[in-house]
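> fold the stuff below for me.
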Amino acid sequence: MPNGHEGIYGFVEGKSGVHIIALTEDEKMYLIESFRYPIQKWQWELPTGGIDKGLSPMEAAKLELKEELGMTADKWTQINMYSPCSNGLMKDEEYVFVAEKLHAGEAHHQDFEAIRAVKTVMPKEIMAMVKEGTLANGQSLAALMQFLAWRAFP
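Next up is the predicted model:
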């Protein structure tokens, strides 16, 4: 440890991930309604996915946008990276990207994904969803906070 003490410390080494703020020309953001098995609930969240071995975070973000929304983007910006709230127990990194100048295509969900809806919402609507608890995915909330700080304080 930084203080010189030695000991045994157990943690889980997780898969790092990406979170995509996909923006329309009129500043709406895409959300997906996804089933999360551990909590047995459908919930709204940002397009999100893991970074497979051999991919950079940017490559993983582009792949997830294509898989989950069927889209490509002409403009990509990595705005930040954060460690999830369990960083005392788990080692992983989450990267936040903004995708702009979107082009529609066909989504190709993976077999283990359950996505039943996609919608676009204005930032004001996202804040209402957070307040109501309909957007309660912790990683999406952290990514949205990164985005809002980036927008407010470039």
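> could I get the full set of helices for this structure?
Listed in chain order, the helices of the chain (DSSP state H) span residues 57-69, 123-132, 138-152.
> the second one packs against which elements?
Think helix 123-132. With contacts defined as 3 or more Cβ pairs under 8 Å, 6 or more residues apart in numbering; DSSP states H and E, helix 123-132 has these neighbours: strand 29-36, helix 138-152. Backbone N, C-alpha and C define where each C-beta goes, glycine included.
> which residue is the nearest non-sequential neighbour of the residue most central in space within the chain?
The centre of the chain sits closest to His19, judged by Cα atoms, centre = their mean, with a distance of 2.2 Å. Leaving aside its sequence neighbours, His19 sits nearest to Ala143 (Cβ to Cβ, 6 or more residues apart in numbering; 3.7 Å).
> got the contact list for the lowest-mean-pLDDT helix or strand in the chain?
One helix or strand of the chain scores below all others by mean pLDDT, DSSP states H and E: strand 90-91, with a mean of 72. Contact partners of strand 90-91, identified using Cβ atoms under 8 Å, 6 or more residues apart in numbering, comprise Phe11, Val12, Glu13, Gly14, Pro84.
> need those residues in a markdown table (columns: neighbour count, pLDDT and distance to Asp74).
Formatted as a markdown table, the contacts of strand 90-91 follow (neighbours: other Cβ atoms under 10 Å; pLDDT from 0 to 100; distance: Cβ to Cβ, whole Å):
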| residue | neighbour count | pLDDT | distance to Asp74 |
| --- | --- | --- | --- |
| Phe11 | 11 | 73 | 39 |
| Val12 | 9 | 75 | 37 |
| Glu13 | 8 | 75 | 35 |
| Gly14 | 15 | 75 | 31 |
| Pro84 | 17 | 73 | 30 |
